[in-house]
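[1] Build me a model:
(chains A and B)
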Amino acid sequence: MITKCIYPDTYTIPYVLKSCAQSHALEEGQQIHAHSIKFGLSSNVYVLNTLMRFYAVCGFTHYVKKLFDGSPERDLVSWTTLIQAFVKTGFAKEAIQAYLDMCRANLRPDKMTLVVVLSACSRIGDLSLGTRIHENICYIHDIYSDVFVGNALVDMYMKCGDTDSARQLFDKMPVKNVVSWNSLISGLVQQGQFKEALHVFHDMQRIGLRPDCVTLVAVLNACSNLGKLELGKWVHAYIDKNQIKADGFVGNALVDMYAKCGSVEQAFGVFQGMQCKDVFSYTAMIVGFAMNGEAERALDIFAEMPMVGIKPDEVTFVGVLSACSHAGMVEEGWRHFEDMSRVYNLEPQTEHYGCMVDLLGRAGLISEVEVFIANMPIEPDAFVWGALLGACSIHGKVELGEAVMKKLVAIEPVRDGAYILMSNIYSSANRWKDALKLRKAMKERKMKKTPGCSLIEINGVVHEFRKGDKSHPRNEELRKVLGEMAICLQNHGHFPTSNFIT
DNA sequence: ATAGGGTTAG
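    The predicted model follows:
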């Protein structure tokens, strides 16, 4: 219909291309492109820019660059579109290079350019360029007070890990919108500052700003990590009340939250209610089942994936293999590990090798593990050696443990967990002197054992238990119950491995 | 008259 337009001009072509870009109509856009060449309009800068934009949204970044390079005339929009095309397809370095080239060509960036190049800084963690841009625009009131630029700056500082600068800037912003708050909250969650993220969320509610989907996903993520089931449930109720669809990002975040907070049935309920599930939904549910000791159900829904046409990825397999590992399903684990490359064309990564070492090691197949590691096509890292050390600890393999420890020490920095495991191996073999020597070495290196920690929420209060911590208000009672449980276990023939130094 | 922007998962 559009291509029947016989005499296109420099107004109609950009207009039509814009709608092609919006609907990702590749063939139609290419026809328009051919028309613009045929009618000698392709050198017009508006036509160029919309063509670049069209190919950018279709993912043909190399072609965007080719059009740009081949054009006799380029303006600020052409440069911005090029930079944007690079950022959107993950070429942040090239985006920043293009920006520097643009500055060298004596073009001054405007708000749009700055937002795009700042997002490139975020992706790549280029704090120095981001800060330089911030300093340069500090005194240009028109730009500095722009909410888009401000949001991009907050996001840049957050993603570069400079939370203080992000917070300072956020507090100074003359105009804020929901995206400003989201940038701060999501950024804090990504930096692992979950409690701070929830504080900011409460501030946001205090001023009466309504959260949107992005806010809720970030808050749910914080709940998952803090074990805040009650707040998570509140978010769920909020979603229902406001008729927000529990699909996509929101649904997946809900599944993850319930699973990580131990409410695996609730997680499954949300999962089942989702209209369009994707690989994220399935992976969250598989990992959720695996974490909650439901290996069978994890594998059941994994088996469902090919039937609904969703291809598992590397992360899905981490969930599948860890499910097998926890349930001691050696055969099944092997099969899935082999299917990764054979069926799904996925290259197993160090996490997957680690899971396999864990699986075989727990089952006591120590010589198999050694062969497995020797045949690894990639260099085994701390993840793999750590899994083997764990197996040595379970099965009391002192010599092998020592050898593994040497490997771990060679990969700096050694985490405290490795020292603890090795020290436990020595203790099990009654080699107390060696165990103590290791403890001393840890002390000299100023390492402290990260205390084991578990979180549980009862009636809206999160109870945090750390090893050796006696600060819980009902500590005495808790110890008494634990003691009773230990006696009960012993009566049934289970003895705690109390020869471990902790 | 026509063109370019920021935040969200497993």
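
[2] If you tally nearby residues, what's the number for A:Ser263?
    Using other Cβ atoms under 10 Å, A:Ser263 has 18 neighbouring residues. All C-beta spots, glycine's among them, are computed from the backbone N, C-alpha and C.

[3] For it, give me its contacts.
    Going by Cβ atoms under 8 Å, 6 or more residues apart in numbering, A:Ser263 touches A:Leu229.

[4] Please apply the same query to A:Asn106.
    By Cβ under 8 Å, 6+ apart, no residues touch A:Asn106.

[5] helix/strand/coil for it?
    The three-state label given to A:Asn106 by DSSP: H, G, I helix; E, B strand; the rest coil is coil.

[6] Phi first, then psi, for it.
    Dihedral angles of A:Asn106 (phi, psi; degrees, to the nearest 10) stand at phi 60, psi 30.

[7] separation between it and A:Asn136?
    Remark: distance between A:Asn106 and A:Asn136 (Cβ to Cβ, to the nearest Å) = 15 Å.

[8] do the same with A:His395
    A:His395 is 61 Å from A:Asn136, by Cβ to Cβ.

[9] Who has more neighbours out of those two?
    More neighbours surround A:His395 than the other of A:His395 and A:Asn136, with 17 against 12 (other Cβ under 10 Å).

[10] what about the residue nearest to that one when sequence neighbours are not counted, is that helix, strand or coil?
    Excluding its sequence neighbours, the residue lying closest to A:His395 (Cβ to Cβ, 6 or more residues apart in numbering) is A:Gly364, at 5.6 Å. The three-state label given to A:Gly364 by three-state DSSP is coil.

[11] residues contacting A:Gly364?
    A:Gly364 sits next to A:Ala391, A:Ile394, A:His395 when contact means Cβ under 8 Å, 6+ apart.

[12] between those, which is nearest DNA strand B?
    A:Ala391 (25.2 Å; Cβ to the nearest atom of the strand).

[13] which other helices and strands contact the helix or strand hosting the closest one?
    Element membership for A:Ala391, per DSSP states H and E: helix A:382-395. Secondary-structure packing of helix A:382-395 (3 or more Cβ pairs under 8 Å, 6 or more residues apart in numbering; DSSP states H and E): helix A:350-362, helix A:366-374, helix A:398-410, helix A:416-428.

[14] can you list those helices in TSV and add distance to A:Cys261?
    What follows is the helices and strands packed on helix A:382-395, written out as TSV (distance: least, Cβ to Cβ, whole Å):
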stretch	distance to A:Cys261
helix A:350-362	24
helix A:366-374	34
helix A:398-410	33
helix A:416-428	25
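
[15] any idea which of those helices scores lowest on pLDDT?
    Note on the helices and strands packed on helix A:382-395: lowest mean pLDDT is at helix A:416-428, with a mean of 85.

[16] which helices and strands does that one pack with?
    If contacts are counted by 3+ Cβ pairs under 8 Å, 6+ apart, helix A:416-428 sits against helix A:382-395, helix A:398-410, helix A:432-444.

[17] now what about the first one, what contacts it?
    Put plainly, it is helix A:382-395. Contact with helix A:382-395 is made by A:350-351, A:353-355, A:357-358, A:360-362, A:364, A:366, A:369, A:373, A:376, A:397-398, A:400-401, A:404-405, A:407-408, A:411, A:414-415, A:417-418, A:421-422, A:424-425, A:428, as judged by Cβ under 8 Å, 6+ apart.

[18] hey, C-alpha coordinates of it in PDB?
    What follows is helix A:382-395, C-alpha atoms only, in PDB (Å, rounded to 0.1, in the frame of the first residue of the first chain):
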ATOM      1  CA  ALA A 382      37.800 -21.500  42.100                       C
ATOM      2  CA  PHE A 383      34.200 -22.600  41.600                       C
ATOM      3  CA  VAL A 384      35.200 -26.000  40.400                       C
ATOM      4  CA  TRP A 385      38.000 -26.500  42.900                       C
ATOM      5  CA  GLY A 386      35.800 -25.300  45.700                       C
ATOM      6  CA  ALA A 387      33.200 -27.900  44.800                       C
ATOM      7  CA  LEU A 388      35.900 -30.600  44.900                       C
ATOM      8  CA  LEU A 389      37.100 -29.400  48.200                       C
ATOM      9  CA  GLY A 390      33.600 -29.700  49.500                       C
ATOM     10  CA  ALA A 391      33.500 -33.300  48.300                       C
ATOM     11  CA  CYS A 392      36.800 -33.900  50.100                       C
ATOM     12  CA  SER A 393      35.300 -32.500  53.200                       C
ATOM     13  CA  ILE A 394      32.300 -34.900  53.100                       C
ATOM     14  CA  HIS A 395      34.400 -37.900  52.300                       C
END
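
[19] for it, what is the average pLDDT?
    Averaging pLDDT along helix A:382-395 gives 93.

[20] Likewise for the last one?
    Predicted confidence along helix A:432-444 averages 83 (mean pLDDT).

[21] Helix A:416-428 and that one, what's the angle between them?
    Between helix A:432-444 and helix A:416-428, the angle formed by their directions is 160 degrees, by axes from the mean of the first three to the mean of the last three Cα atoms, to 10 degrees.

[22] Over to the longest one?
    Orientation check (the same axes, to 10 degrees): helix A:382-395 against helix A:416-428 gives 20 degrees.

[23] before we move on, what about the second one?
    Regarding helix A:398-410 and helix A:416-428, their directions subtend 160 degrees when assessed with the same axes, to 10 degrees.

[24] closest one to A:Thr283 among the helices and strands packed on helix A:416-428?
    helix A:382-395 (18.8 Å; Cβ to Cβ).

[25] what distance separates the closest one from the centre of its chain?
    Remark: helix A:382-395 is offset 26 Å from the chain centroid, using Cα atoms, centre = their mean, to the nearest Å.

[26] And for stretch A:306-318?
    17 Å.

[27] and what of stretch A:135-146?
    Using Cα atoms, centre = their mean, the offset of stretch A:135-146 from its chain centre is 32 Å.

[28] And stretch A:165-178, by the same measure?
    Here stretch A:165-178 is found 25 Å from its chain centre; the criterion is Cα atoms, centre = their mean.

[29] in it, what's buried?
    A:Ser165, A:Ala166, A:Arg167, A:Leu169, A:Phe170, A:Met173, A:Lys176 (16 or more other Cβ atoms under 10 Å).
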